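Visitor: Give me a model of this one.
(one chain, ligands or ions: 1)
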Amino acid sequence: MSDNIVAEEVHVDGAQDAIPSPEEEPPSPWAGVSRQDWEDWRWQLANRIKTVDQLSRVVSLTEGEKEIISHSLNTLRMAITPYYASLMDRNDPQCPIRLRAIPSMPEIHISHEDMADPLHEDVDSPVPGLTHRYPDRVLMLLSDQCAMYCRHCTRRRLAGETDQPRTQSNFDAMVEYVRQHPGVRDVILSGGDPLTMSTERLEYVLAKLHAIPHVEVIRIGTATPAVMPQRITDDLVAMLKKYQPIWINTHFNHPKELTPRAVEALAKLVDGGLVVSNQNVLLRGVNDCPYIMKELFQRLMQARVRPYKMYQCDLSMGIGHFRTTVAKGIEIMEHLIGHTSGLAIPQYVVDLPGGGGKVPVDPRYMISQGERVVIFRNYAGKIFKYVEPEDYRSQCPTHCRICQERKARGLDAEKIGLERLLDTDEIML
Ligand SMILES: *Cc1c(COP(=O)(O)O)cnc(C)c1O
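Guide: Model (predicted):
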(Lines give C-alpha, C1' and ligand atoms only; values in the text may rest on other atoms or scores of the structure.)
Protein backbone atom coordinates (compact mmCIF):
# COMPACT_ATOMS: atom_id res chain seq x y z
CA MET A 1 0.00 0.00 0.00
CA SER A 2 1.29 3.45 -0.82
CA ASP A 3 1.18 6.16 1.79
CA ASN A 4 -1.46 7.99 -0.21
CA ILE A 5 -3.98 5.20 -0.12
CA VAL A 6 -3.68 4.76 3.61
CA ALA A 7 -4.06 8.47 4.18
CA GLU A 8 -7.21 8.54 2.07
CA GLU A 9 -8.74 5.65 3.94
CA VAL A 10 -8.17 7.46 7.19
CA HIS A 11 -10.17 10.45 6.06
CA VAL A 12 -13.12 8.17 5.26
CA ASP A 13 -13.00 5.90 8.28
CA GLY A 14 -10.11 5.56 10.70
CA ALA A 15 -11.31 2.15 11.87
CA GLN A 16 -10.34 0.63 8.53
CA ASP A 17 -6.75 1.54 9.08
CA ALA A 18 -4.85 -1.73 8.83
CA ILE A 19 -3.17 -3.07 11.95
CA PRO A 20 0.41 -3.87 11.02
CA SER A 21 1.52 -7.47 11.29
CA PRO A 22 3.71 -8.15 14.34
CA GLU A 23 7.25 -6.95 13.93
CA GLU A 24 10.39 -8.42 15.32
CA GLU A 25 11.52 -6.51 18.39
CA PRO A 26 14.11 -4.07 17.02
CA PRO A 27 16.83 -2.90 19.36
CA SER A 28 15.56 -0.53 22.04
CA PRO A 29 16.09 3.13 21.10
CA TRP A 30 17.53 3.60 24.60
CA ALA A 31 19.98 0.71 24.46
CA GLY A 32 22.94 3.08 24.85
CA VAL A 33 21.51 5.15 27.71
CA SER A 34 23.36 4.86 31.00
CA ARG A 35 21.51 3.74 34.08
CA GLN A 36 22.38 7.06 35.67
CA ASP A 37 20.70 9.01 32.88
CA TRP A 38 17.67 6.71 32.81
CA GLU A 39 17.18 7.16 36.55
CA ASP A 40 17.47 10.95 36.29
CA TRP A 41 14.00 12.49 36.02
CA ARG A 42 15.38 15.54 34.26
CA TRP A 43 16.83 13.26 31.61
CA GLN A 44 13.43 11.57 31.33
CA LEU A 45 11.72 14.96 30.86
CA ALA A 46 14.30 16.25 28.41
CA ASN A 47 14.13 13.10 26.31
CA ARG A 48 10.37 12.81 26.03
CA ILE A 49 9.00 11.47 22.77
CA LYS A 50 7.36 14.36 20.96
CA THR A 51 7.42 13.47 17.29
CA VAL A 52 6.05 10.74 15.08
CA ASP A 53 9.55 9.80 14.02
CA GLN A 54 10.71 9.27 17.59
CA LEU A 55 7.58 7.30 18.41
CA SER A 56 7.89 5.01 15.43
CA ARG A 57 11.20 3.81 16.82
CA VAL A 58 9.28 2.51 19.85
CA VAL A 59 6.06 1.12 18.43
CA SER A 60 5.06 0.10 14.96
CA LEU A 61 2.63 2.65 13.56
CA THR A 62 0.58 2.52 10.40
CA GLU A 63 0.87 5.44 8.00
CA GLY A 64 -2.66 6.38 9.05
CA GLU A 65 -1.74 6.48 12.72
CA LYS A 66 1.27 8.62 11.90
CA GLU A 67 -0.91 11.16 10.16
CA ILE A 68 -3.40 11.24 13.02
CA ILE A 69 -0.65 11.86 15.52
CA SER A 70 0.70 14.79 13.54
CA HIS A 71 -2.82 16.27 13.41
CA SER A 72 -3.56 15.84 17.11
CA LEU A 73 -0.36 17.55 18.03
CA ASN A 74 -2.33 20.72 17.36
CA THR A 75 -4.73 20.02 20.25
CA LEU A 76 -3.11 18.42 23.29
CA ARG A 77 0.60 17.96 22.74
CA MET A 78 2.18 14.54 22.78
CA ALA A 79 5.09 14.09 25.17
CA ILE A 80 5.94 10.63 26.49
CA THR A 81 8.73 9.83 28.91
CA PRO A 82 11.15 7.14 27.70
CA TYR A 83 10.25 5.16 30.84
CA TYR A 84 6.52 5.13 30.01
CA ALA A 85 7.16 4.49 26.31
CA SER A 86 9.36 1.52 27.24
CA LEU A 87 6.25 -0.18 28.69
CA MET A 88 4.39 -0.04 25.37
CA ASP A 89 3.52 -3.15 23.46
CA ARG A 90 5.19 -2.62 20.11
CA ASN A 91 2.59 -4.52 18.13
CA ASP A 92 -0.69 -4.00 20.00
CA PRO A 93 -2.48 -0.71 19.29
CA GLN A 94 -4.89 -1.54 22.15
CA CYS A 95 -2.08 -1.66 24.72
CA PRO A 96 -3.33 0.42 27.69
CA ILE A 97 0.00 2.23 27.89
CA ARG A 98 -0.31 3.27 24.25
CA LEU A 99 -3.93 4.35 24.68
CA ARG A 100 -2.99 6.64 27.56
CA ALA A 101 -0.11 8.26 25.70
CA ILE A 102 -0.56 8.22 21.92
CA PRO A 103 -3.00 10.57 20.17
CA SER A 104 -5.69 8.79 18.18
CA MET A 105 -8.14 9.68 15.42
CA PRO A 106 -11.26 10.12 17.59
CA GLU A 107 -9.62 13.01 19.47
CA ILE A 108 -10.39 15.16 16.46
CA HIS A 109 -14.07 14.35 16.87
CA ILE A 110 -15.95 16.82 19.05
CA SER A 111 -19.41 15.66 20.11
CA HIS A 112 -22.17 18.15 20.89
CA GLU A 113 -21.98 17.51 24.64
CA ASP A 114 -18.23 18.23 24.74
CA MET A 115 -17.09 21.35 26.61
CA ALA A 116 -13.75 23.12 26.91
CA ASP A 117 -14.13 23.53 30.68
CA PRO A 118 -16.85 21.07 31.75
CA LEU A 119 -16.07 21.40 35.46
CA HIS A 120 -16.19 25.22 35.34
CA GLU A 121 -12.75 25.37 36.90
CA ASP A 122 -12.07 28.67 35.15
CA VAL A 123 -15.56 30.02 35.95
CA ASP A 124 -15.24 29.29 39.68
CA SER A 125 -11.77 30.82 39.78
CA PRO A 126 -11.21 33.99 41.84
CA VAL A 127 -7.47 34.05 41.00
CA PRO A 128 -5.96 32.54 37.81
CA GLY A 129 -5.14 28.89 38.48
CA LEU A 130 -7.16 28.63 41.70
CA THR A 131 -10.62 27.05 41.88
CA HIS A 132 -12.72 27.49 45.00
CA ARG A 133 -15.77 25.28 44.63
CA TYR A 134 -16.29 23.63 47.99
CA PRO A 135 -16.45 25.50 51.30
CA ASP A 136 -13.29 24.25 52.97
CA ARG A 137 -10.85 23.35 50.20
CA VAL A 138 -9.33 24.86 47.09
CA LEU A 139 -7.65 23.54 44.00
CA MET A 140 -4.46 25.18 42.74
CA LEU A 141 -3.07 24.50 39.28
CA LEU A 142 0.62 25.19 39.71
CA SER A 143 1.90 24.26 36.30
CA ASP A 144 0.49 23.33 32.94
CA GLN A 145 3.33 20.87 32.44
CA CYS A 146 2.92 17.11 32.81
CA ALA A 147 5.61 14.47 32.64
CA MET A 148 3.36 12.83 30.08
CA TYR A 149 0.14 14.11 28.55
CA CYS A 150 -2.70 11.66 29.13
CA ARG A 151 -4.98 11.44 26.13
CA HIS A 152 -8.03 11.41 28.42
CA CYS A 153 -6.98 14.65 30.15
CA THR A 154 -9.90 16.61 31.58
CA ARG A 155 -7.84 19.82 31.47
CA ARG A 156 -7.05 19.63 27.77
CA ARG A 157 -7.97 23.30 27.56
CA LEU A 158 -4.75 24.23 29.33
CA ALA A 159 -2.54 21.16 29.86
CA GLY A 160 0.70 21.41 27.95
CA GLU A 161 -0.10 24.83 26.54
CA THR A 162 3.24 26.28 27.62
CA ASP A 163 4.67 23.07 29.14
CA GLN A 164 5.89 25.23 32.05
CA PRO A 165 5.08 26.16 35.63
CA ARG A 166 3.10 29.30 36.33
CA THR A 167 4.94 32.44 37.36
CA GLN A 168 6.02 33.17 40.89
CA SER A 169 3.71 36.20 41.08
CA ASN A 170 0.82 33.92 40.13
CA PHE A 171 1.84 31.49 42.92
CA ASP A 172 1.93 34.42 45.32
CA ALA A 173 -1.54 35.56 44.28
CA MET A 174 -2.97 32.08 44.84
CA VAL A 175 -1.31 31.76 48.24
CA GLU A 176 -2.58 35.21 49.20
CA TYR A 177 -6.13 34.13 48.36
CA VAL A 178 -5.78 31.15 50.70
CA ARG A 179 -4.32 33.35 53.42
CA GLN A 180 -7.34 35.65 53.21
CA HIS A 181 -9.87 32.80 53.38
CA PRO A 182 -9.74 31.25 56.86
CA GLY A 183 -12.38 28.69 55.87
CA VAL A 184 -9.88 26.96 53.59
CA ARG A 185 -8.30 24.10 55.53
CA ASP A 186 -7.26 21.82 52.64
CA VAL A 187 -5.25 22.92 49.60
CA ILE A 188 -4.94 20.65 46.59
CA LEU A 189 -1.93 21.22 44.37
CA SER A 190 -2.45 19.95 40.87
CA GLY A 191 -1.82 21.01 37.31
CA GLY A 192 -0.40 19.86 35.06
CA ASP A 193 1.70 17.93 37.44
CA PRO A 194 3.28 19.78 40.38
CA LEU A 195 6.07 17.22 40.49
CA THR A 196 7.35 18.29 37.08
CA MET A 197 8.47 21.48 38.86
CA SER A 198 11.85 21.63 40.50
CA THR A 199 11.94 20.59 44.14
CA GLU A 200 12.93 24.18 45.05
CA ARG A 201 10.04 25.78 43.20
CA LEU A 202 7.55 23.36 44.75
CA GLU A 203 9.04 24.00 48.18
CA TYR A 204 8.52 27.73 47.68
CA VAL A 205 4.75 27.15 47.46
CA LEU A 206 4.59 24.44 50.14
CA ALA A 207 6.49 26.55 52.68
CA LYS A 208 4.15 29.50 52.16
CA LEU A 209 1.02 27.38 52.45
CA HIS A 210 2.36 25.48 55.45
CA ALA A 211 2.96 28.77 57.25
CA ILE A 212 -0.74 29.71 57.04
CA PRO A 213 -2.28 28.63 60.36
CA HIS A 214 -5.69 27.63 58.98
CA VAL A 215 -4.21 25.35 56.27
CA GLU A 216 -4.48 21.98 57.98
CA VAL A 217 -3.51 19.69 55.10
CA ILE A 218 -1.94 19.91 51.66
CA ARG A 219 -2.62 17.43 48.89
CA ILE A 220 -0.49 16.90 45.81
CA GLY A 221 -2.00 15.34 42.70
CA THR A 222 0.68 13.70 40.56
CA ALA A 223 0.90 11.02 37.90
CA THR A 224 4.67 10.79 38.16
CA PRO A 225 4.75 7.47 40.06
CA ALA A 226 2.96 5.98 37.04
CA VAL A 227 4.61 7.82 34.16
CA MET A 228 7.99 8.97 35.55
CA PRO A 229 8.72 7.16 38.83
CA GLN A 230 12.30 8.48 38.69
CA ARG A 231 10.88 11.76 40.03
CA ILE A 232 10.36 10.24 43.48
CA THR A 233 13.83 10.89 44.81
CA ASP A 234 15.14 10.88 48.38
CA ASP A 235 15.58 14.66 48.15
CA LEU A 236 11.98 15.15 47.12
CA VAL A 237 10.66 12.97 49.94
CA ALA A 238 12.90 14.73 52.48
CA MET A 239 11.58 18.10 51.30
CA LEU A 240 7.91 17.02 51.40
CA LYS A 241 8.31 15.66 54.93
CA LYS A 242 9.03 19.15 56.20
CA TYR A 243 5.52 20.26 55.34
CA GLN A 244 3.40 17.45 56.75
CA PRO A 245 0.60 16.55 56.74
CA ILE A 246 0.83 15.96 53.01
CA TRP A 247 -1.36 13.55 51.10
CA ILE A 248 -0.23 12.37 47.68
CA ASN A 249 -2.87 11.43 45.14
CA THR A 250 -1.48 9.53 42.22
CA HIS A 251 -3.05 8.31 38.97
CA PHE A 252 -2.78 4.66 37.92
CA ASN A 253 -5.45 3.42 35.53
CA HIS A 254 -4.32 -0.06 34.63
CA PRO A 255 -2.42 -2.87 36.41
CA LYS A 256 0.17 -2.83 33.60
CA GLU A 257 1.36 0.52 34.97
CA LEU A 258 2.20 -1.00 38.35
CA THR A 259 5.68 -2.07 37.30
CA PRO A 260 8.35 -2.97 39.87
CA ARG A 261 9.88 0.48 39.23
CA ALA A 262 6.57 2.23 39.90
CA VAL A 263 5.96 0.17 43.03
CA GLU A 264 9.46 1.13 44.22
CA ALA A 265 8.59 4.82 43.82
CA LEU A 266 5.35 4.33 45.75
CA ALA A 267 7.24 2.53 48.51
CA LYS A 268 9.67 5.43 48.79
CA LEU A 269 6.78 7.83 49.35
CA VAL A 270 5.05 5.60 51.89
CA ASP A 271 8.27 4.70 53.72
CA GLY A 272 9.03 8.43 53.76
CA GLY A 273 5.89 8.95 55.82
CA LEU A 274 3.56 10.30 53.16
CA VAL A 275 0.02 9.04 52.73
CA VAL A 276 -0.57 7.89 49.18
CA SER A 277 -3.89 7.31 47.49
CA ASN A 278 -4.95 6.84 43.88
CA GLN A 279 -7.50 8.42 41.59
CA ASN A 280 -8.33 6.63 38.37
CA VAL A 281 -10.60 7.37 35.45
CA LEU A 282 -13.01 4.85 34.00
CA LEU A 283 -11.95 4.62 30.34
CA ARG A 284 -13.51 2.74 27.48
CA GLY A 285 -11.16 0.13 26.06
CA VAL A 286 -8.62 0.67 28.83
CA ASN A 287 -10.13 -0.40 32.14
CA ASP A 288 -13.90 -0.67 31.64
CA CYS A 289 -13.90 -4.19 33.04
CA PRO A 290 -14.56 -5.23 36.65
CA TYR A 291 -11.68 -7.71 36.64
CA ILE A 292 -9.09 -5.26 35.34
CA MET A 293 -10.25 -2.76 37.97
CA LYS A 294 -10.20 -5.33 40.74
CA GLU A 295 -6.66 -6.31 39.88
CA LEU A 296 -5.61 -2.64 39.72
CA PHE A 297 -7.12 -1.84 43.11
CA GLN A 298 -5.88 -4.98 44.83
CA ARG A 299 -2.38 -4.37 43.58
CA LEU A 300 -2.51 -0.74 44.68
CA MET A 301 -3.54 -1.92 48.13
CA GLN A 302 -0.56 -4.29 48.13
CA ALA A 303 1.63 -1.31 47.25
CA ARG A 304 0.13 0.44 50.32
CA VAL A 305 -1.79 2.88 48.15
CA ARG A 306 -5.45 3.40 48.93
CA PRO A 307 -7.76 3.62 45.91
CA TYR A 308 -9.54 6.91 46.63
CA LYS A 309 -11.76 7.82 43.69
CA MET A 310 -12.78 6.29 40.40
CA TYR A 311 -13.96 9.04 38.07
CA GLN A 312 -16.56 8.91 35.38
CA CYS A 313 -14.84 10.35 32.29
CA ASP A 314 -15.59 14.09 31.98
CA LEU A 315 -17.22 15.86 29.03
CA SER A 316 -13.98 17.53 27.94
CA MET A 317 -13.37 18.16 24.24
CA GLY A 318 -12.21 15.29 22.10
CA ILE A 319 -12.27 12.50 24.69
CA GLY A 320 -15.72 11.12 23.87
CA HIS A 321 -14.20 7.86 22.66
CA PHE A 322 -12.95 7.19 26.19
CA ARG A 323 -16.36 7.62 27.84
CA THR A 324 -18.50 4.81 29.14
CA THR A 325 -22.04 4.86 30.43
CA VAL A 326 -22.56 5.45 34.15
CA ALA A 327 -24.11 1.98 34.17
CA LYS A 328 -20.67 0.51 33.45
CA GLY A 329 -19.27 2.20 36.54
CA ILE A 330 -22.11 0.90 38.69
CA GLU A 331 -21.57 -2.60 37.31
CA ILE A 332 -17.89 -2.38 38.26
CA MET A 333 -18.75 -1.22 41.79
CA GLU A 334 -21.21 -4.13 42.03
CA HIS A 335 -18.32 -6.50 41.31
CA LEU A 336 -16.15 -4.89 43.97
CA ILE A 337 -18.29 -4.05 46.99
CA GLY A 338 -18.41 -7.07 49.29
CA HIS A 339 -16.35 -9.10 46.84
CA THR A 340 -13.00 -7.68 47.85
CA SER A 341 -11.36 -5.69 50.66
CA GLY A 342 -13.17 -2.47 51.38
CA LEU A 343 -9.78 -0.78 51.44
CA ALA A 344 -9.27 -1.78 47.80
CA ILE A 345 -12.48 -0.05 46.70
CA PRO A 346 -12.53 3.61 45.66
CA GLN A 347 -15.57 5.81 45.65
CA TYR A 348 -17.08 6.05 42.19
CA VAL A 349 -17.90 9.68 41.36
CA VAL A 350 -19.28 11.77 38.55
CA ASP A 351 -17.85 15.29 38.48
CA LEU A 352 -20.95 17.14 37.30
CA PRO A 353 -20.61 19.23 34.15
CA GLY A 354 -21.30 22.89 34.75
CA GLY A 355 -19.35 23.00 38.00
CA GLY A 356 -21.80 20.92 40.04
CA GLY A 357 -18.90 19.16 41.73
CA LYS A 358 -18.40 15.50 42.51
CA VAL A 359 -21.25 13.21 43.42
CA PRO A 360 -20.85 9.58 44.48
CA VAL A 361 -22.71 6.89 42.58
CA ASP A 362 -23.30 3.46 44.07
CA PRO A 363 -25.33 0.40 43.27
CA ARG A 364 -28.53 0.40 45.32
CA TYR A 365 -28.36 -1.68 48.48
CA MET A 366 -31.28 -0.22 50.45
CA ILE A 367 -34.25 -1.59 48.57
CA SER A 368 -37.18 -0.66 50.79
CA GLN A 369 -38.27 0.90 54.04
CA GLY A 370 -41.22 0.37 56.35
CA GLU A 371 -42.19 1.51 59.83
CA ARG A 372 -38.93 1.07 61.78
CA VAL A 373 -37.52 -1.35 59.25
CA VAL A 374 -35.07 -0.97 56.44
CA ILE A 375 -34.72 -3.70 53.86
CA PHE A 376 -31.34 -4.28 52.24
CA ARG A 377 -29.95 -6.67 49.72
CA ASN A 378 -26.31 -7.62 50.14
CA TYR A 379 -23.53 -8.15 47.58
CA ALA A 380 -24.55 -11.78 47.15
CA GLY A 381 -28.14 -10.82 46.37
CA LYS A 382 -29.67 -11.96 49.67
CA ILE A 383 -32.29 -9.80 51.38
CA PHE A 384 -32.06 -8.68 55.00
CA LYS A 385 -33.94 -6.44 57.37
CA TYR A 386 -32.59 -3.96 59.89
CA VAL A 387 -34.91 -2.96 62.72
CA GLU A 388 -34.66 0.65 63.85
CA PRO A 389 -34.99 1.85 67.47
CA GLU A 390 -38.50 2.66 68.71
CA ASP A 391 -38.16 6.15 70.14
CA TYR A 392 -35.14 7.64 68.54
CA ARG A 393 -34.40 11.34 69.00
CA SER A 394 -30.92 12.68 68.64
CA GLN A 395 -29.64 13.83 72.01
CA CYS A 396 -27.28 16.55 71.09
CA PRO A 397 -25.84 17.83 74.39
CA THR A 398 -26.28 21.60 74.44
CA HIS A 399 -22.94 22.04 76.15
CA CYS A 400 -20.98 20.19 73.42
CA ARG A 401 -17.83 22.12 72.64
CA ILE A 402 -18.09 21.58 68.89
CA CYS A 403 -21.47 23.27 68.49
CA GLN A 404 -20.53 26.04 70.87
CA GLU A 405 -17.49 26.82 68.81
CA ARG A 406 -19.49 26.70 65.60
CA LYS A 407 -21.95 29.23 67.03
CA ALA A 408 -19.18 31.47 68.28
CA ARG A 409 -17.62 31.52 64.82
CA GLY A 410 -20.98 32.17 63.15
CA LEU A 411 -20.67 29.03 61.07
CA ASP A 412 -24.35 28.12 61.38
CA ALA A 413 -25.27 31.07 59.23
CA GLU A 414 -23.03 29.70 56.45
CA LYS A 415 -24.78 26.38 56.04
CA ILE A 416 -25.42 25.58 52.42
CA GLY A 417 -27.29 23.01 50.42
CA LEU A 418 -29.09 20.13 52.06
CA GLU A 419 -27.17 20.73 55.26
CA ARG A 420 -29.13 23.96 55.51
CA LEU A 421 -32.45 22.27 54.76
CA LEU A 422 -31.80 19.55 57.32
CA ASP A 423 -30.72 21.87 60.13
CA THR A 424 -33.11 24.81 59.77
CA ASP A 425 -36.89 25.35 59.66
CA GLU A 426 -36.78 26.20 56.00
CA ILE A 427 -38.76 23.92 53.71
CA MET A 428 -37.19 24.88 50.40
CA LEU A 429 -33.80 25.95 49.24
C1 LIG B 1 -12.08 17.36 43.25
C2 LIG B 1 -11.99 18.72 43.71
C3 LIG B 1 -11.70 19.00 45.06
C4 LIG B 1 -11.46 17.92 46.08
O5 LIG B 1 -12.56 17.10 46.27
P6 LIG B 1 -12.49 15.95 47.36
O7 LIG B 1 -13.81 15.27 47.25
O8 LIG B 1 -12.28 16.62 48.68
O9 LIG B 1 -11.34 15.05 47.01
C10 LIG B 1 -11.63 20.31 45.44
N11 LIG B 1 -11.84 21.33 44.58
C12 LIG B 1 -12.13 21.08 43.29
C13 LIG B 1 -12.39 22.23 42.38
C14 LIG B 1 -12.20 19.78 42.81
O15 LIG B 1 -12.47 19.54 41.52
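
Visitor: which residue sits closest to residue 147, ignoring its sequence neighbours?
Guide: residue 228 (3.9 Å; Cβ to Cβ, 6 or more residues apart in numbering). Bear in mind the C-beta positions are built from the backbone N, C-alpha and C, glycine included.

Visitor: wait, the one you found sits on residue 84?
Guide: Yes - counting by Cβ atoms under 8 Å, residue 228 touches residue 84, with 7.0 Å between them.

Visitor: what do those two both touch?
Guide: Shared contacts of residue 228 and residue 84, defined by Cβ atoms under 8 Å, 6 or more residues apart in numbering, comprise 147-148.

Visitor: returning to what we had before: ok, now which ones touch the residue nearest to residue 147?
Guide: 41, 44-45, 81, 83-84, 147-148.

Visitor: same question, residue 166
Guide: 128-129, 141-144.

Visitor: Next, count neighbours for the residue in the stretch 201-350 of the chain that the ligand sits nearest to.
Guide: The ligand sits closest to residue 309 of the stretch 201-350 of the chain, with a gap of 6.7 Å, by Cβ to the nearest ligand atom. Look at residue 309: counted by other Cβ atoms under 10 Å, it has 17 neighbours.

Visitor: ok, now how distant is it from residue 110?
Guide: 26 Å (Cβ to Cβ, to the nearest Å).

Visitor: same deal with residue 272?
Guide: Between residue 272 and residue 110 the computed distance is 43 Å (Cβ to Cβ).

Visitor: Then residue 241?
Guide: Residue 241 sits 44 Å away from residue 110, taking Cβ to Cβ as the criterion.

Visitor: got it, and residue 198?
Guide: From residue 198 over to residue 110 the distance is 36 Å, taken as Cβ to Cβ.

Visitor: Would you mind naming the helix or strand containing residue 145?
Guide: Using DSSP states H and E, residue 145 maps to neither a helix nor a strand.

Visitor: what's near enough to touch it?
Guide: Counting by Cβ under 8 Å, 6+ apart, the residues that residue 145 touches are 160, 162-165, 191-193, 196-197.

Visitor: What of residue 140?
Guide: With contacts defined as Cβ under 8 Å, 6+ apart, the neighbours of residue 140 are 129-130, 174, 187-190, 205.

Visitor: Once you drop chain neighbours, what's closest to residue 177?
Guide: residue 127 (4.8 Å).

Visitor: show me where the stretch 51-200 of the chain has helices.
Guide: 52-55, 63-72, 82-85, 96-101, 168-179, 199-210 (DSSP state H, counting those that start in this stretch).

Visitor: wait, isn't residue 261 in contact with residue 81?
Guide: No - contact criterion Cβ under 8 Å: residue 261 and residue 81 do not qualify, at 11.6 Å.

Visitor: Can you give me the end-to-end span of stretch 154-164?
Guide: Start-to-end span of stretch 154-164 (Cα to Cα, to the nearest Å) is 18 Å.

Visitor: same thing with stretch 306-323?
Guide: From its first residue to its last, stretch 306-323 covers 24 Å (Cα to Cα).

Visitor: Check stretch 106-125 too.
Guide: 30 Å.

Visitor: go on, stretch 123-143?
Guide: One end of stretch 123-143 to the other measures 18 Å (Cα to Cα).

Visitor: pLDDT averaged over it - what is it?
Guide: Averaged over stretch 123-143, pLDDT sits at 94.

Visitor: just stretch 260-268 next, same as before
Guide: Mean predicted confidence for stretch 260-268 is 98.

Visitor: So which residues make contact with that stretch?
Guide: So stretch 260-268 is in contact with 83, 224-226, 229-232, 234, 237, 250, 252, 276, 303-305, going by Cβ under 8 Å, 6+ apart.

Visitor: Quick check on those residues: which are buried?
Guide: 83, 224-226, 229-232, 237, 250, 252, 276, 303, 305 (16 or more other Cβ atoms under 10 Å).

Visitor: rewinding a little: same drill for residue 272 and residue 110, tell me which one is more crowded.
Guide: For residue 272 versus residue 110, the count of surrounding residues by other Cβ under 10 Å is larger for residue 272: 17 against 14.

Visitor: contacting residues around residue 361?
Guide: 312, 326, 329-330, 333, 348-350.

Visitor: Would you write a PyMOL line that selects the buried entries of these?
Guide: In PyMOL, a selection of the buried entries from those looks like this (16+ other Cβ under 10 Å):
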select buried, resi 312+329+333+348+349+350
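
Visitor: Turn the contacts of residue 361 into TSV, including secondary structure, distance to residue 426 and pLDDT.
Guide: Below are these laid out as TSV (DSSP: H, G, I helix; E, B strand; the rest coil; distance: Cβ to Cβ, whole Å; pLDDT from 0 to 100):
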residue	secondary structure	distance to residue 426	pLDDT
312	coil	32	98
326	helix	31	98
329	helix	34	98
330	helix	33	98
333	helix	34	98
348	strand	31	98
349	strand	28	98
350	strand	27	98
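
Visitor: Put together TSV for the contacts of residue 361, with distance to the ligand on each row.
Guide: Listed next are the contacts of residue 361 as TSV, based on distance: Cβ to the nearest ligand atom, whole Å:
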residue	distance to the ligand
312	13
326	18
329	17
330	19
333	17
348	13
349	8
350	12
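
Visitor: closest point of the stretch 151-300 of the chain to the ligand, which residue?
Guide: Minimum separation of the stretch 151-300 of the chain from the ligand (Cβ to the nearest ligand atom) falls at residue 188, amounting to 5.5 Å.

Visitor: correct me, but that residue touches residue 221?
Guide: Yes - with contact defined as Cβ under 8 Å, residue 188 reaches residue 221; the gap is 6.4 Å.

Visitor: who's more crowded, those two?
Guide: Comparing residue 188 with residue 221 by other Cβ under 10 Å, the one with more neighbours is residue 221, at 21 against 18.
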